[in-house]
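Enquirer: turn this into a structure:
(2 chains)
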Protein chains: 2
Amino acid sequence: MLKYYHAEPLANSLKSMVPLKEKGLSYESVYVDLHKFEQHSDWFVAINPEGQVPVLDHDGTIVTHTTVINEYLEDVFPDAQPDSGPLRPRDAAGAARMRYWNKFVDEHVMNHVSMHGWHRLVGVIARNIDEGTFEDLLSHIPLPDQRKKWATARSGFSEADLANASEKIDYALAKVERQLGETAWLAGDTYTLADINFYAHCGAMVERMFPEKEVAARYPRLVDWRERVTARPAVAEALKSEDRTQPGLRTWSGDR
Amino acid sequence: MLKYYHAEPLANSLKSMVPLKEKGLSYESVYVDLHKFEQHSDWFVAINPEGQVPVLDHDGTIVTHTTVINEYLEDVFPDAQPDSGPLRPRDAAGAARMRYWNKFVDEHVMNHVSMHGWHRLVGVIARNIDEGTFEDLLSHIPLPDQRKKWATARSGFSEADLANASEKIDYALAKVERQLGETAWLAGDTYTLADINFYAHCGAMVERMFPEKEVAARYPRLVDWRERVTARPAVAEALKSEDRTQPGLRTWSGDR
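Expert: Below is the predicted model of the structure:
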């Protein structure tokens, strides 16, 4: 029995939802409403003491962190795979290439895109909360780094930090574009968890979030790759899942 | 045929050397002299375009990044293991716990300890180089982040950055101490890649590097755990490998 606790279908919540669907695994979906700070509520922190979505509950085994969840699904359900092949290559060299890219996205992409997303989305939400309520909210966030991020979102990220993050995104886009000149997918000739990772954290929304980067003109292979990912039925289905973000705040999901 | 390119037995270079020895794999050791900036030289960048040690060459397949190398060794040589059991648990839940800790060390420990190490060691080396030579050196560093780190090491990391890194290390020490109150090793009841990771990046030298943290008094389980890791023959053997760091600069390796 699989249960998946998640929020809107983007970033981390999308990243582990896509493999569940690609592998055709049936699971119970539990929507956690970040707009109501449910991820910091007692019932949720009892499941994940770090107070973060998503979480996979597999017959009582709790797995957190999307890269870990996605490897776990490969370990437990190695034969459940899309027609395009396994999401984690079965040869060791292919798996290593996949993990190389996963590490790159986890350590050098995710946080930088996330900062811009938080700046635009979470910052607005945080500033709409009166100070007393906000302090109370902070006191319920288990991870110190996460508390700091919320506080910074309210006061505003610095221009220097935002510019640095934007530079890192440029670096990532160029790196991906180069790779796609050599192989059809990030880790080689087949679609893997690495593609899902970069798509969920950057590829899906980078063009909408950063029109000034002229993604279509400068990174045509990336756009073609993104379209190939978006066209996958499992991805399309995941993207349709519950989204309670106010339309005016959807800089991540694209509806302005 | 395995070939391992590495520098001194600490941090990343130690982290993948220990599994090679724990698994009893014979390999050719190639020492890369960071004091001569060999990692940025043409011959080395031809092997690893990112210009970083360590690198594993397995019959021509090049694998970089220690967490990726260590998983690769498990994929290729699953049956080579120490008497204590496999370094990557064979059950999916155990492997997930191991990966959870690997991610924590890779993303929330390594860079913070590294900054203090660079501040004390690389900063001294960098300031002993005249400006023209230093600029030339920078121009040969392939990764922009790494170029920035060298430049900052020379000018000096800010007190605020060093203090922030120190705080993150405190958080990690407390987290590990808590875990060791529940399980004998980081990922459960057996010694795994997670222990090797935390040992190589923090556990082995944290007490020597940060006497003000009073590690022995405040984190007794961590000290006990460290001694158990240090006592392993494979670890002891790895620690004896080539070390050309000037004794006066060995804040990492401990000889002052």
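Enquirer: burial measure for residue A:46, as a count.
Expert: Residues near residue A:46, counting by other Cβ atoms under 10 Å in any protein chain shown, number 8. In short, each C-beta sits where N, CA and C put it, glycine included.
Enquirer: quick check: it vs residue A:55, distance?
Expert: Residue A:46 is 11 Å from residue A:55, where distance means Cβ to Cβ, to the nearest Å.
Enquirer: quick check: mean pLDDT across the helix or strand where residue A:44 lies?
Expert: Using DSSP states H and E, residue A:44 sits in helix A:42-45. Regarding helix A:42-45, the rounded mean pLDDT is 96.
Enquirer: what's the answer for stretch A:187-205, then?
Expert: Rounded mean pLDDT across stretch A:187-205 is 98.
Enquirer: try stretch A:131-149
Expert: pLDDT averaged over stretch A:131-149 gives 91.
Enquirer: which residues touch the helix holding residue A:44?
Expert: A:5, A:32, A:38, A:51, A:142 (Cβ atoms under 8 Å, 6 or more residues apart in numbering or on different chains).
Enquirer: are any of these buried, and which?
Expert: For those, a burial check counting by 16 or more other Cβ atoms under 10 Å in any protein chain shown picks out A:5, A:32, A:38, A:51.
Enquirer: can you show me the helices along chain A?
Expert: A:11-22, A:42-45, A:66-76, A:92-108, A:110-117, A:123-127, A:131-139, A:144-155, A:159-180, A:193-198, A:206-209, A:215-218, A:220-230, A:233-239 (DSSP state H).
Enquirer: residue B:212: which of those is closest?
Expert: helix A:144-155 (20.2 Å; Cβ to Cβ).
Enquirer: packing partners for that closest one?
Expert: helix A:123-127, helix A:131-139 (3 or more Cβ pairs under 8 Å, 6 or more residues apart in numbering or on different chains; DSSP states H and E).
Enquirer: closest to chain B out of those?
Expert: Closest approach to chain B among the helices and strands packed on helix A:144-155 (Cβ to the nearest Cβ): helix A:131-139, 16.9 Å.
Enquirer: now the closest one: buried residues?
Expert: A:134, A:137, A:138.
Enquirer: could you dump the residues you listed into CSV with distance to residue A:221 added?
Expert: Formatted as CSV, the buried residues of helix A:131-139 follow (distance: Cβ to Cβ, whole Å):
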residue, distance to residue A:221
A:134, 43
A:137, 42
A:138, 42
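Enquirer: chain B contacts on chain A?
Expert: A:61, A:63-65, A:67-69, A:71-72, A:75-76, A:92-93, A:95-96, A:99-100, A:103, A:106-108, A:144-145, A:171 (Cβ under 8 Å from any Cβ of the partner chain).
Enquirer: mind checking which of these are buried?
Expert: With burial judged by 16+ other Cβ under 10 Å, the buried subset of the residues of chain A next to chain B is A:63-65, A:67-69, A:71-72, A:75-76, A:92-93, A:95-96, A:99-100, A:103, A:106-108, A:171.
Enquirer: coming back round to it: pull the CA atoms of the helix holding residue A:44 into CSV?
Expert: Provided in CSV are the C-alpha atoms of helix A:42-45 (Å, rounded to 0.1, in the frame of the first residue of the first chain):
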residue,chain,number,x,y,z
ASP,A,42,1.1,18.3,14.3
TRP,A,43,-0.5,15.6,12.3
PHE,A,44,2.0,16.0,9.4
VAL,A,45,5.1,16.5,11.6
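Enquirer: and that helix, how far from the chain's centre?
Expert: Averaging C-alpha positions (Cα atoms, centre = their mean, to the nearest Å) puts helix A:42-45 22 Å from its chain's average.
Enquirer: what of stretch A:33-44?
Expert: 18 Å.
Enquirer: check the separation of the first and last residues in that stretch.
Expert: Counting by Cα to Cα, to the nearest Å, you get 11 Å between the two ends of stretch A:33-44.
Enquirer: list the contacts of the helix or strand bottoming out on mean pLDDT in chain A.
Expert: Ranked by mean pLDDT, DSSP states H and E, the weakest helix or strand in chain A is helix A:123-127, scoring a mean of 86. Here helix A:123-127 makes contact (Cβ under 8 Å, 6+ apart) with A:35, A:134, A:150, A:153, A:154, A:156, A:157, A:249.
Enquirer: from those, which would you call buried?
Expert: Buried among the contacts of helix A:123-127 by 16+ other Cβ under 10 Å: A:134, A:150, A:153, A:154, A:157, A:249.
Enquirer: please identify which of the residues you listed is nearest to residue B:9.
Expert: Using Cβ to Cβ, the buried ones among the contacts of helix A:123-127 come closest to residue B:9 at residue A:157, 39.5 Å.
Enquirer: spit out the contact partners of the closest one.
Expert: A:115, A:118, A:119, A:123.
Enquirer: and those, which is closest to chain B?
Expert: Closest to chain B, out of all of the contacts of residue A:157 and judged by Cβ to the nearest Cβ, is residue A:115, at 15.3 Å.
Enquirer: the residue nearest to the closest one when sequence neighbours are not counted: what's it in contact with?
Expert: Spatially, and ignoring its direct neighbours in sequence, residue A:115 is nearest to residue A:165 (4.6 Å; Cβ to Cβ, 6 or more residues apart in numbering or on different chains). Shown in contact with residue A:165 (Cβ under 8 Å, 6+ apart): A:111, A:112, A:113, A:115, A:116.
Enquirer: count of neighbours near the fourth one?
Expert: Residue neighbour count, defined by other Cβ under 10 Å, stands at 22 for residue A:115.
Enquirer: same deal with the third one?
Expert: By the criterion of other Cβ under 10 Å, residue A:113 has 25 neighbours.
Enquirer: got it, and the last one?
Expert: The tally of other residues near residue A:116 (other Cβ under 10 Å) stands at 20.
Enquirer: any idea how far chain B is from it?
Expert: 19 Å (Cβ to the nearest Cβ, to the nearest Å).
Enquirer: then residue A:45?
Expert: 16 Å.
Enquirer: hmm, back to that, quick one, which of the helices and strands packed on helix A:144-155 gets closest to residue A:182.
Expert: Between the helices and strands packed on helix A:144-155, helix A:123-127 lies closest to residue A:182; by Cβ to Cβ that is 38.2 Å.
Enquirer: how far does the closest one sit from the chain's center?
Expert: 20 Å.
Enquirer: same check on stretch A:203-215?
Expert: The answer for stretch A:203-215 is 16 Å, by Cα atoms, centre = their mean.
Enquirer: got it, and stretch A:173-189?
Expert: With Cα atoms, centre = their mean, you get 19 Å for stretch A:173-189.
Enquirer: same check on stretch A:173-190?
Expert: 19 Å.
Enquirer: span of it from start to end?
Expert: First-to-last distance for stretch A:173-190 - Cα to Cα - comes to 20 Å.
Enquirer: how about stretch A:19-29?
Expert: Calculated as Cα to Cα, the first-to-last residue distance of stretch A:19-29 is 14 Å.
Enquirer: can you tell me what sits against it?
Expert: Counting by Cβ under 8 Å, 6+ apart, A:1-4, A:6, A:69-70, A:73, A:77, A:80-82, A:87, A:193, A:196, A:232, A:234-235, A:237-238, A:241 sit against stretch A:19-29.
Enquirer: narrow the residues you listed to those that are buried.
Expert: A:2-4, A:6, A:69-70, A:73, A:77, A:80-82, A:87, A:193, A:196, A:232, A:234-235, A:238, A:241.
Enquirer: for residue A:64, give me its contacts.
Expert: Residue A:64 neighbours (Cβ under 8 Å, 6+ apart): A:48, A:50, A:52, A:54, A:55, A:56, B:100.
Enquirer: closest one to residue A:208 out of those residues, please.
Expert: residue A:54 (22.5 Å).
Enquirer: state the distance from the closest one to chain B.
Expert: Residue A:54 is 14 Å from chain B, by Cβ to the nearest Cβ.
Enquirer: just residue A:220 next, same as before
Expert: Taking Cβ to the nearest Cβ, one finds residue A:220 at 23 Å from chain B.
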